[in-house]
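Colleague: requesting a structural model of the entry that follows:
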Amino acid sequence: MTEELVYQLSLELIPGIGQKGVKQLISYCGSASEVIKTPKSRLIKIPGIGYKMAEAVRAASTISEAEQIIKSCQAKEIEIVSYTDPRFPKRLKAIHDSPNILYVKGQGDLNPSRSISIVGARKATNYGKAITEQIVSELELIGVTVVSGLAYGIDISAHKAALKKSLPTFGVIAGGLDCIYPSSHKKYAQEMMELGGLITESKLGTKPDAHLFPVRNRIIAGLSDATIVVEAAERGGALITASLADSYNRHVFAVPGDVGNTFSEGANKLIAAQKALIYTGMEDLIYHLDWKLTGTEKNPKITEKLSSQEEEIYALLLQNGALEIDVIALRSQIPINQVASVLLELEFKNMVKSLPGKKYKPMN
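Modeller: Coordinates of the predicted model:
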């Protein structure tokens, strides 16, 4: 327990000071400990700091509370990382409304070389979940950390897919780390600890009330180089995250869906309004984020034994290029429901890519 952490946390706990106020004080005084030691007459002269605020700072009545919070976190192996700490996520620190304090549990690197957030509908379709798993499978090939919100639907699908691939994944939650919501995801949260972990700005004991979810979305967006929206209704948390990412000048991608499908409305409108790029595969991220591959990444081509139907459909695509799913069914004489299943398997094997309009092309 360092003096600086105690003082910075105590500043956060002063009613009415706000995160901007804390940053303003530390910026003028040099450190949280210096803020506490600075005479009231000098504090009053700092822009935005009035008499009452200066008086509250000098009283420092929150120091004992800060010490108790730190002790409780230590007992639960929770790390408190302040924005002045070199371990604080650099991507998050760069946004204008970054939190000053993070509560972190897990062994993951808070400053990975590549980080992508995946968000979407809580009531995700099977298609959305399958696409999410496919995206994560591609990200695993180039060593990307996956960030999401541990919620139902697309969020937990992204985390589970990352765990399956032994890929680092962080869940950003809306309450204290002892109040994981939904409780049914606690087992996945525990599995995430080795390579990733959980992150929140809420102290222990904070219930995941509704107003905290939109606020935590800025952390999801801020931790990432880009945000991918898989499925989203016309209104929802995923679109809030996408909007925040855009406001931070981070790339936003959206997976296009069927016109008229409720779960595709949000993503399709993002694309139509030119607020998101169309996501068709890993190559989109590499190109738009200008990621330089070193050659040590895994080869995206995965050679696996194919079934007779997979061989037939893959050969058909190699011969003709991109084809609609109904054309594939017609030419192969395979029932369309079976074609859809085969194409999904080929996508998982990184041998075909889905395109807008229910088209598919070979990854040759």
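Colleague: list the contacts for the residue lying closest to Ile154 once chain neighbours are set aside?
Modeller: Across the structure, with Cβ to Cβ, 6 or more residues apart in numbering as the measure, the residue nearest Ile154 apart from its sequence neighbours is Gly120 (2.8 Å). Just so you know, the C-beta spots here come from the backbone N, C-alpha and C atoms, and that holds for glycine as well. For Gly120, the residues meeting the contact criterion (Cβ atoms under 8 Å, 6 or more residues apart in numbering) are 128, 132, 153-155, 229-232, 238, 267.
Colleague: where does Gly120 land on pLDDT?
Modeller: Model confidence at Gly120, expressed as pLDDT, equals 93.
Colleague: repeat for Lys76
Modeller: According to the per-residue confidence, Lys76 scores 95 in pLDDT.
Colleague: let me see the contact set for it.
Modeller: 105, 177-178, 204.
Colleague: I'd like to know which of the residues you listed are buried.
Modeller: Neighbour-count burial (16 or more other Cβ atoms under 10 Å) applied to these gives 105, 177, 204.
Colleague: save the contacts of Gly120 as TSV, and put in pLDDT, neighbour count and distance to Asn337 too.
Modeller: Putting the contacts of Gly120 into TSV (pLDDT from 0 to 100; neighbours: other Cβ atoms under 10 Å; distance: Cβ to Cβ, whole Å) gives the following:
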residue	pLDDT	neighbour count	distance to Asn337
Gly128	90	24	18
Thr132	94	30	22
Gly153	94	24	24
Ile154	95	30	24
Asp155	96	28	29
Val229	95	28	27
Val230	93	32	22
Glu231	88	31	21
Ala232	85	33	26
Ala238	90	32	29
Ala267	86	30	24
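Colleague: the contacts of Lys76 in helices, which ones?
Modeller: Residues from the contacts of Lys76 lying in helices, with DSSP state H as the criterion: none.
Colleague: now do the domain split for this structure, please.
Modeller: For the chain, the domain assignment from automatic domain parsing gives the residue ranges 3-75, 115-288, 308-362.
Colleague: ok, so of the contacts of Lys76, who is nearest Tyr188?
Modeller: Lys105 (13.6 Å; Cβ to Cβ).
Colleague: Glu133 versus that closest one, what's the distance?
Modeller: When distance is defined by Cβ to Cβ, to the nearest Å, Lys105 is 25 Å away from Glu133.
Colleague: same question for Ile313.
Modeller: For Ile313, the distance to Glu133 (Cβ to Cβ) stands at 20 Å.
Colleague: next: Tyr287.
Modeller: In this structure, Tyr287 lies at 22 Å from Glu133, with Cβ to Cβ as the measure.
Colleague: which of the contacts of Gly120 fall within strands?
Modeller: In this view, the contacts of Gly120 that belong to strands under DSSP state E are Val229.
Colleague: could I get the contacts of Gly120 as TSV with distance to Gly50?
Modeller: Supplementary listing: those in TSV, determined by distance: Cβ to Cβ, whole Å:
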residue	distance to Gly50
Gly128	50
Thr132	49
Gly153	45
Ile154	45
Asp155	41
Val229	42
Val230	46
Glu231	47
Ala232	42
Ala238	39
Ala267	45
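Colleague: identify the farthest-apart pair in the contacts of Gly120.
Modeller: Farthest pair in those (Cβ to Cβ) is Asp155 and Ala267. Separation: 15.0 Å.
Colleague: so for the helix or strand of the chain with the lowest mean pLDDT, what gets flagged as buried?
Modeller: Of all helical and strand segments in the chain, the minimum by mean pLDDT, DSSP states H and E falls on helix 51-59, at a mean of 82. Taking 16+ other Cβ under 10 Å as the basis for neighbour counts, the residues of helix 51-59 that come out buried are 53-54, 56-58.
Colleague: now do stretch 243-253
Modeller: Buried residues in stretch 243-253, defined by neighbour count with 16+ other Cβ under 10 Å: 243-246, 248, 250-253.
Colleague: repeat for stretch 207-227
Modeller: Applying 16+ other Cβ under 10 Å to stretch 207-227 flags 208, 212-213, 216-227 as buried.
Colleague: keeping just the C-alphas, turn it into PDB.
Modeller: Extracted as PDB, the C-alpha positions of stretch 207-227 are listed here (Å, rounded to 0.1, in the frame of the first residue of the first chain):
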ATOM      1  CA  LYS A 207     -24.200  -3.400  -7.200                       C
ATOM      2  CA  PRO A 208     -24.500  -3.500 -11.000                       C
ATOM      3  CA  ASP A 209     -27.300  -0.900 -11.200                       C
ATOM      4  CA  ALA A 210     -28.600   0.000 -14.700                       C
ATOM      5  CA  HIS A 211     -27.000   3.400 -14.800                       C
ATOM      6  CA  LEU A 212     -23.500   1.900 -14.500                       C
ATOM      7  CA  PHE A 213     -23.700  -0.100 -17.800                       C
ATOM      8  CA  PRO A 214     -23.600   2.800 -20.200                       C
ATOM      9  CA  VAL A 215     -20.800   4.300 -18.200                       C
ATOM     10  CA  ARG A 216     -18.700   1.100 -18.300                       C
ATOM     11  CA  ASN A 217     -19.100   1.000 -22.100                       C
ATOM     12  CA  ARG A 218     -16.600   3.800 -22.400                       C
ATOM     13  CA  ILE A 219     -14.000   1.500 -20.800                       C
ATOM     14  CA  ILE A 220     -14.700  -1.300 -23.300                       C
ATOM     15  CA  ALA A 221     -14.300   1.200 -26.200                       C
ATOM     16  CA  GLY A 222     -11.300   2.900 -24.600                       C
ATOM     17  CA  LEU A 223      -9.400  -0.300 -24.000                       C
ATOM     18  CA  SER A 224      -9.500  -1.300 -27.700                       C
ATOM     19  CA  ASP A 225      -7.900  -0.400 -31.000                       C
ATOM     20  CA  ALA A 226     -11.300  -1.000 -32.600                       C
ATOM     21  CA  THR A 227     -14.800  -2.200 -31.700                       C
END
